[in-house]
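Participant: this is a predicted model, with the sequence first.
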Amino acid sequence: MKKFWKIGLSAFLAVGLLAACGQEAKDNKPATEQQTQQETAQDEATFPMTITDALGKDITLEAPPEKIVSLIPSNTEILFGLGLNDEIVGVTDNDDYPPEAAEKDKVGGMEYDIEKIIALKPDIVFSHESSMSLSEEAIAQLESAGLKVFVVRNAQDFNETYTTIEQLGRATGKLPEAGKIVANMKAKVEEVLTKVKDVEPKKVLVEASDEPDIYTAGNGTFMNAMLEMINAENVAVDGDNWYKIDAEQIIAKNPDVIVVTYHYVPDILTKIPKRAGFDTINAVKNNAIVQVDESTTSRQGPRLAEGLEELAKAIYPEVFK
């Protein structure tokens, strides 16, 4: 067997919220009783269970997995957040959070090491829908070797991210832990949205790579959804997905803030204002070019709520003083 597959870092959902989370609680029952029923439903998630992945594939688990391999950083962050440090036996070269991920066996970065994954004998492998165009054949090889591969859906908003966390919690026997993660995320999101609810919207351009190939977040991206949540106007919303944008277009759109999500270019915050014609842009005039952490603002995991706060602070620093 050979090593396989590129894995997309930009990646970045699960099939429906789980009835086990207590959705059947009646509205006319006291809140405390509803909460008790929800907690009991979580505790009663039992094995064997059958779960359906992003491809519509049913996977039956006889017991909570004792060995897990993760093929994308967002899955890894969720699994560690669920308290599965001991169960995680393999992660990719790109997994840098939490620090404990560095201690795990690496199964490839730009390529998956199929032989190594098989040798780890995982009970389940968690892949991701966003990288399917690159990993489809690799997954077929793993399944041919008898491994169970669960493809996590690519979330488009926070609600779908919550669903992902709950589904991974269910699949690993960690539903109560998943519920706590989601509750904490929702609390942080509500805190951020409360602070920005009365702001005067600013025009924002998100830049994901340097010239000559500048890419930005258009309609249909998670980043655009986050900008909408915090009352920011995405000047690139007339394009779809992440797309290449010309410097002339950026000048014409005249954003109030330029958000930079990459760190591979030294001194990028001082280089952008020096681009030809950029001295006419409001973001340059007002020194409103800011850099955010790519991981927290893009990975569909427990830190995404912190990423929303970081993005809001970058665009509306006056609100968070």
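Facilitator: All right, it came through fine. Computed from a predicted model, the values in this text were never measured in an experiment. Residues are numbered from 1 along each chain as shown.
Participant: look up the closest residue to Ile251, ignoring the ones flanking it.
Facilitator: Take Ile251 and drop its neighbours on the chain: the residue closest to it by Cβ to Cβ, 6 or more residues apart in numbering is Gly277, 4.9 Å away. Yep, even glycine has a C-beta here, placed from its N, CA and C like the rest.
Participant: state the distance from the one you found to Gln249.
Facilitator: As defined by Cβ to Cβ, to the nearest Å, Gly277 lies at a distance of 11 Å from Gln249.
Participant: of these two, give the one with the bigger neighbour count.
Facilitator: The neighbour comparison of Gly277 against Gln249 (other Cβ atoms under 10 Å) goes to Gln249, with 16 against 12.
Participant: just the element for that one, please.
Facilitator: Taking DSSP states H and E as the definition, Gln249 sits inside helix 247-253.
Participant: pull the residues that contact stretch 217-235.
Facilitator: For stretch 217-235, the external contacting residues (Cβ atoms under 8 Å, 6 or more residues apart in numbering) are 12, 155-158, 189, 192-193, 196-197, 199, 201-206, 208, 236-243, 253-255, 257, 261, 297-298, 300, 307-308, 311-312, 315-316.
Participant: drop anything exposed from the residues you listed.
Facilitator: Neighbour-count burial (16 or more other Cβ atoms under 10 Å) applied to the contacts of stretch 217-235 gives 12, 155-158, 189, 192, 196, 202-206, 208, 236-237, 239, 242, 253, 255, 257, 261, 297-298, 300, 307-308, 311-312, 315-316.
Participant: and the residue nearest to Ile251, what is it in contact with?
Facilitator: Neighbouring residues of Gly277 by Cβ under 8 Å, 6+ apart: 247-248, 251.
Participant: look up phi and psi at it.
Facilitator: With angles defined as degrees, to the nearest 10, Gly277 sits at phi 90, psi -10.
Participant: now do it, the pLDDT please.
Facilitator: Listed pLDDT for Gly277 reads 97.
Participant: cool, Leu134 as well?
Facilitator: At Leu134, pLDDT is 78.
Participant: what is the neighbour count of it?
Facilitator: 16.
Participant: which element is it on?
Facilitator: With DSSP H and E as the criterion, the answer for Leu134 is helix 132-144.
Participant: swap in Glu306?
Facilitator: Going by DSSP H and E, Glu306 is in helix 304-315.
Participant: mind exporting the C-alpha coordinates of that helix to CSV?
Facilitator: C-alpha atoms of helix 304-315 as CSV (Å, rounded to 0.1, in the frame of the first residue of the first chain):
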residue,chain,number,x,y,z
LEU,A,304,-14.8,28.7,17.2
ALA,A,305,-16.7,30.8,19.7
GLU,A,306,-13.4,32.3,20.7
GLY,A,307,-12.7,32.9,17.1
LEU,A,308,-16.0,34.8,16.7
GLU,A,309,-15.0,37.0,19.6
GLU,A,310,-11.5,37.6,18.1
LEU,A,311,-13.1,38.6,14.8
ALA,A,312,-15.5,41.0,16.5
LYS,A,313,-12.7,42.6,18.5
ALA,A,314,-10.7,43.0,15.3
ILE,A,315,-13.5,44.8,13.5
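Participant: contact partners of it?
Facilitator: The contact list for helix 304-315 (Cβ under 8 Å, 6+ apart) reads 158, 161, 184-186, 188-189, 191-192, 195-196, 202, 204, 226-227, 229-230, 232, 257, 259, 290-293, 295-299, 319-320.
Participant: just the buried residues out of the residues you listed, in ChimeraX syntax.
Facilitator: Command for ChimeraX that selects the buried part of the contacts of helix 304-315, burial taken from 16+ other Cβ under 10 Å:
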select :158,161,185,188,189,192,195,196,202,204,226,227,229,230,232,257,259,290,292,295,296,297,298,299
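Participant: restricted to helices, list the contacts of helix 304-315.
Facilitator: 158, 161, 184-186, 188-189, 191-192, 195-196, 226-227, 229, 295-298 (DSSP state H).
Participant: where do the strands of the stretch 1-150 of the chain begin and end?
Facilitator: 49-52, 58-61, 68-70, 88-91, 105-106, 124-128, 149-152 (DSSP state E, counting those that start in this stretch).
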